[in-house]
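>>> All I have is the shape, not the residue letters:
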Ligand SMILES: [Zn+2]
């Protein structure tokens, strides 16, 4: 495919004076990591890739399912049929509309062990996750390294976002020393409007672009929340770090140390994730072994095995998501029986 002329492709964005030709060049040289590529993450990746961010690193632990298609704008029915890892599907989709963006996909769960490898060497980190455990890990990493990051979340009709410039503005732990109550529901329990997702992604992507073109004076220095259904709007001032904050004042990065992190976690929608394994899996060999026990199929990225009422999804590094239970003991025993102990 012939690549489009740079000036032509971005002509409408360059016409916006605060970006201009100079800003567009800065965006082309910029490096961004997006953690989580579900609804918010795919909207962020879509906006930023179309805007001409030169390098996107996309990290996601999950695979595409039919229930994602209502709001996860980078995926289609073929991705769901193939159970493609979201990071891989996102990279393919972006290549189709902007082949000049360098996309580095990682089908991985962000953990204290790999956070440095996965989040280093970028200009800004964007939050596309659905859980506070990962957000606190991102916050600790960002504050410890002085990397800007943008918190973004959407649930039901409600959207919330905050831009963090470490040392200059409040961080996530300044505002929420512990996981906020009432925000630990997931979209599997509360549902979600796709418009709440695209709303929060639009605000967060714009903040990222302001940062990357050096328009720091235009950054919002508040935690913004907006309910697209009720039209409730609120802001909390985040212009200064909070004295006594565990992360930015005391520099006590408990989440980087990975204290108390379980090897098995619940991951929404009636599923358990097993991420203690660090052993390469040979999909052909496992397929042969599992075939007598139930339907099994795999592609290059993921292997799926059905054993009613459970569905096991296995990744090449040995990580697994077991659907059909929230009982970690059941999940562990299924994994031991069908993958190995
Ligand atoms: Zn703080």
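Sure thing, it's come through. Here the structure is a predicted model, which is why all the values come from computation and not from measurement.

>>> Spell out the residue ranges of the strands in the protein.
31-35, 55-60, 102-107, 124-127, 149-155, 158-164, 222-227, 232-237, 264-266, 271-274, 296-298, 303-307, 310-314, 320-323 (DSSP state E).

>>> Just send those strands back as JSON lines, with mean pLDDT and distance to the ion too.
In this view, the C-beta of every residue, glycine as well, is placed from N, C-alpha and C. Formatted as JSON lines, the strands of the chain follow (pLDDT from 0 to 100; distance: least, Cβ to the ion, whole Å):
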{"stretch": "strand 31-35", "mean pLDDT": "98", "distance to the ion": "19"}
{"stretch": "strand 55-60", "mean pLDDT": "97", "distance to the ion": "23"}
{"stretch": "strand 102-107", "mean pLDDT": "97", "distance to the ion": "27"}
{"stretch": "strand 124-127", "mean pLDDT": "98", "distance to the ion": "15"}
{"stretch": "strand 149-155", "mean pLDDT": "96", "distance to the ion": "12"}
{"stretch": "strand 158-164", "mean pLDDT": "97", "distance to the ion": "8"}
{"stretch": "strand 222-227", "mean pLDDT": "97", "distance to the ion": "12"}
{"stretch": "strand 232-237", "mean pLDDT": "96", "distance to the ion": "14"}
{"stretch": "strand 264-266", "mean pLDDT": "65", "distance to the ion": "25"}
{"stretch": "strand 271-274", "mean pLDDT": "85", "distance to the ion": "28"}
{"stretch": "strand 296-298", "mean pLDDT": "93", "distance to the ion": "44"}
{"stretch": "strand 303-307", "mean pLDDT": "92", "distance to the ion": "41"}
{"stretch": "strand 310-314", "mean pLDDT": "91", "distance to the ion": "36"}
{"stretch": "strand 320-323", "mean pLDDT": "90", "distance to the ion": "32"}
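
>>> CSV please, covering those and showing mean neighbour count.
CSV is the format used below for the strands of the chain (neighbours: other Cβ atoms under 10 Å):
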stretch, mean neighbour count
strand 31-35, 25
strand 55-60, 25
strand 102-107, 19
strand 124-127, 26
strand 149-155, 26
strand 158-164, 25
strand 222-227, 19
strand 232-237, 11
strand 264-266, 16
strand 271-274, 22
strand 296-298, 18
strand 303-307, 20
strand 310-314, 21
strand 320-323, 24
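
>>> how close does residue 288 get to residue 336?
Per Cβ to Cβ, to the nearest Å, residue 288 is found 19 Å from residue 336.

>>> I misspoke; the intended subject was residue 84.
27 Å.

>>> Which one's more surrounded, those two?
residue 84 (21 against 11; other Cβ atoms under 10 Å).

>>> what's near enough to touch the more buried one?
Residue 84 is in contact with 63-64, 92, 299, 301-302, counting by Cβ atoms under 8 Å, 6 or more residues apart in numbering.

>>> same thing with residue 45?
If a contact means Cβ under 8 Å, 6+ apart, then residue 45 has 34, 37, 56, 58, 74, 90, 94, 128 as its contacts.

>>> and the fifth one, backbone torsions?
Taking degrees, to the nearest 10, you get phi -90, psi 0 for the backbone angles of residue 74.

>>> The residue lying closest to it once chain neighbours are set aside and residue 83, how far apart?
In this structure, residue 74 finds its nearest non-sequential neighbour in residue 42, 3.8 Å apart by Cβ to Cβ, 6 or more residues apart in numbering. As judged by Cβ to Cβ, residue 42 and residue 83 stand 16 Å apart.

>>> These two: which has the busier surroundings?
Under the neighbour definition other Cβ under 10 Å, residue 42 and residue 83 were set side by side, and residue 42 has more, 29 against 20.

>>> per-residue pLDDT, that one?
Looking at residue 42, its pLDDT reads 97.
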